[in-house]
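> based on what follows, work out the 3D shape:
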Amino acid sequence: MGSKNKLKRFKENETFSNVIQPTREEIVDSSFSYKGNWSKHFGNTNPIVLELGCGKGEYTVGLARRDKNKNYIGIDIKGARFWRGAKTAIEENLSNVVFIRTQIELIDQIFAANEVSEIWITFPDPQIKYKRTKHRMTNKEFLAKYKQILKPEGTVNLKTDSEFMHGYTLGLLHGLGLEVLYANHDIYKNAGSPDEVLKIQTFYENQYLEKEKPITYIKFRVA
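Residues are numbered from 1 along each chain as shown. Now for the predicted structure:
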C-alpha cells in the first residue's frame, strides 16, 4: 500500500464514528473514558466481543452481521488496515461495530474486569523464535490479561494456519490446567467446528487455503 493511500485512510478514519484512536498516554494514565463504560458508546449493555489483531476487520464485521445483539470491537495498531472493516460497517449500517487503534498489550487498561464476553484471535503472527515468545498472543502474560477482562464464563477463540501456534497454545493450556472446550487441527477436513469458524474467512485465510494449508481452531477458557 502506497504512503498516499495510507494517509488517505488515516484521514478518513478520523471521520468515522466507529473508529476510536486514543493516545497511549490517555490509556496508561487511566483517562480513557470508555473503560468500564462501553454502553456509553454503543447505547446498550449487550455482550462485548473482541477481535485482537483484527487486520482488515473481516471477523469483526462478519460476526457483527451474524448477531446484532452483541457489540464487536476490533483492535489493531495498523489503522490503514482496519479502515476497510470500519468503512464496510458504516456502509452496512452496523451500529454494533467499533475499531480501536492501539497496542493489544494495553487491553487490560481499555476494558474493566469482567467486561468482555468473548475474544477472537485470528491468524496472529506465531512468533516462532524463542526470543519472540513474549509477543505470542497466547503466552502466559496475555492469558492473564484475557482472564482479567473476561467474564468468568468468557471464552477465547484461536484460529490460525500455524501448526506451531496451535500446538504451543494447546500445550500451554494443558500445562496450566485451563479448560479446552474444542480443538480441531484441520477445520475444513474434520467435521464439528462452529459455523462462525467455517463461514467467516479472512483475506489471509483465503491465501492459506489456496496453498492448501490446514486451518486450526481452539476454543478455551482462561478461568
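> CA atoms for contacts and neighbours, from now on please.
OK.
> where does the prediction get shaky in the chain?
1-2 (pLDDT under 70).
> residues contacting the residue nearest in space to the middle of it?
In the chain, the C-alpha closest to the average C-alpha coordinate belongs to residue 51, at a distance of 1.7 Å (Cα atoms, centre = their mean). By Cα atoms under 8 Å, 6 or more residues apart in numbering, the residues touching residue 51 are 59, 60, 72, 73, 74, 75, 119, 120, 121, 122.
> what's the closest of the residues you listed to residue 154?
Closest approach to residue 154 among these (Cα to Cα): residue 119, at 8.1 Å.
> starting at the chain centroid, how far to the biggest strand by length in the chain?
Ordering each strand of the chain by length in residues (DSSP state E) puts strand 150-160 first. How far strand 150-160 lies from its chain's middle: 10 Å, per Cα atoms, centre = their mean, to the nearest Å.
> in that strand, what's buried?
For strand 150-160, the neighbour count (16 or more other Cα atoms under 10 Å) marks 150, 151, 152, 154, 155, 156, 157, 158, 159, 160 as buried.
> which residues does the fifth one bridge with?
What it means is residue 155. Beta-bridge partners recorded for residue 155 (DSSP bridges): residue 118.
> ok, now the first one?
Note on residue 150: beta-bridge partners residue 116, judged by DSSP bridges.
> ok, so of the contacts of residue 51, who is nearest residue 101?
Looking across the contacts of residue 51 and measuring by Cα to Cα, the closest to residue 101 is residue 75, at 6.0 Å.
> surely that closest one is in contact with residue 54?
Yes - judged on Cα atoms under 8 Å, residue 75 makes contact with residue 54 at a distance of 5.7 Å.
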